[in-house]
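A.B. asks: Generate coordinates for the sequence data below:
(one chain, ligands or ions: 1)
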Amino acid sequence: MSASWPKGYGLKVLDVVDSTLDEAARMAPQLAGPVWILAKEQTAARGRRGRVWVQPNGNFAATLVMRMTERPDVAALRSFVAALALFDAVAEVTGRAQGLALKWPNDVLLNGGKLAGILLESAGTGQNPGHLSIGIGVNLAEAPGASEVEAGAVRPVSLLSETGTSISPEDFLPHLAAAYATRDLQFTTYGFAPIRAAWLDRAARLGETITAKTGAQITTGRFETVDTQGNLVLVTPEGRKAIAAAEVYF
Ligand SMILES: O=C(O)CCCC[C@@H]1SC[C@@H]2NC(=O)N[C@@H]21
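C.D. replies: Predicted coordinates:
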């Protein structure tokens, strides 16, 4: 099964790099349009909240870098755009969406385990709107060991072990790039509403009790929704709380 490369998107493939997010920052000043940067190996890959991202051989690591054309709070909603695109691309290559779910803010789960993670970074000033980078890691071939993730985190899983689907990062990227382009067009044309609705349709643990941790702040409540700004909304004994940034535990 093949996917055609989306019009207007550039591509850079590297054998090895420190992090595709760092490469994105280096490329940003010269950007003419959005560019996907794919690396077979990263020597300093990072995850959310300063964690190290472990990338066994054959796993997918890429960053989509683009000029920041909107307000930072609007651009940040692209984490939901990217999560949906990942969901779409995985469903396309495996031929099924069963077992796939999205975990707020932007992980992709498969059979309850973490298949993929997304890390957004941006830079810019009032004078210079800067760039947005969407770093994406997918455990295509191998899941990092449980000892390589923090205690309490969702267990990592791989696409190969959960579905039997074997696909290389180079073959997976066109599926993801095409799915992203479609979702991004939906976002720029119709705004966050359809993205939010599609994301909520695929949300893990919606309506259930979950815990959100932001530093020392721990909030447990019923996962009611994601609001129009992308905040996690929990109904707690003290009332409704909208949380902008946190790690979620089930
Ligand atoms: O913590 C997470 O779940 C986010 C992980 C993001 C990993 C990807 S791999 C490609 C890009 N380069 C990095 O250094 N990190 C992101």
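A.B. asks: Specify the beta-bridge partners of the residue in the chain that the ligand sits nearest to.
C.D. replies: Using Cβ to the nearest ligand atom, Gly117 is the residue of the chain that sits closest to the ligand, at 2.0 Å. C-beta here means a position set from N, CA and C on the backbone, and glycine is covered the same way. Beta bridges link Gly117 to Gly137, judged by DSSP bridges.
A.B. asks: Just the pLDDT at it, thanks.
C.D. replies: Note for Gly117: predicted pLDDT of 97.
A.B. asks: what residues are up against it?
C.D. replies: By Cβ atoms under 8 Å, 6 or more residues apart in numbering, the residues touching Gly117 are 47-48, 53, 106-108, 136-137.
A.B. asks: now, which of those residues lie close to the ligand?
C.D. replies: 47-48, 53, 107, 136-137 (Cβ under 6 Å from any ligand atom).
A.B. asks: I figured Leu109 hits Ala101, correct?
C.D. replies: Yes. If you go by Cβ atoms under 8 Å, Leu109 and Ala101 touch, sitting 4.6 Å apart.
A.B. asks: domain parsing for this structure?
C.D. replies: 10-201, 209-249 (automatic domain parsing).
A.B. asks: near the ligand, which residues of the protein show up?
C.D. replies: Taking Cβ under 6 Å from any ligand atom as the contact definition, the chain meets the ligand at 19-21, 42, 45-48, 51, 53, 61-63, 107, 117-119, 135-137.
A.B. asks: what's the helix or strand for Met66?
C.D. replies: In this assignment (DSSP states H and E), Met66 forms part of strand 60-67.
A.B. asks: all strands of this structure, in order?
C.D. replies: 10-17, 35-42, 60-67, 100-103, 107-110, 113-123, 131-138, 209-214, 217-226, 232-236, 239-243, 247-249 (DSSP state E).
A.B. asks: Just say which of these is most tucked in.
C.D. replies: Burial of those is given as mean neighbour count (mean count of other Cβ atoms under 10 Å); strand 131-138 ranks first at a mean of 25.
A.B. asks: and the angle for that one with strand 113-123?
C.D. replies: With axes from the mean of the first three to the mean of the last three Cα atoms, to 10 degrees defining the directions, strand 131-138 sits at 160 degrees from strand 113-123.
A.B. asks: can you point me to the longest helix in the protein?
C.D. replies: When the chain is parsed with DSSP state H, its longest helix is helix 169-190.
A.B. asks: tilt between that one and strand 10-17?
C.D. replies: Calculated by the same axes, to 10 degrees, helix 169-190 forms an angle of 140 degrees with strand 10-17.
A.B. asks: pLDDT on helix 169-190, on average?
C.D. replies: So the average pLDDT for helix 169-190 ends up being 98.
A.B. asks: Show me what that helix is packed against.
C.D. replies: Helices and strands touching helix 169-190, as assessed by 3 or more Cβ pairs under 8 Å, 6 or more residues apart in numbering; DSSP states H and E, comprise strand 10-17, strand 35-42, strand 60-67, helix 78-94, helix 192-201.
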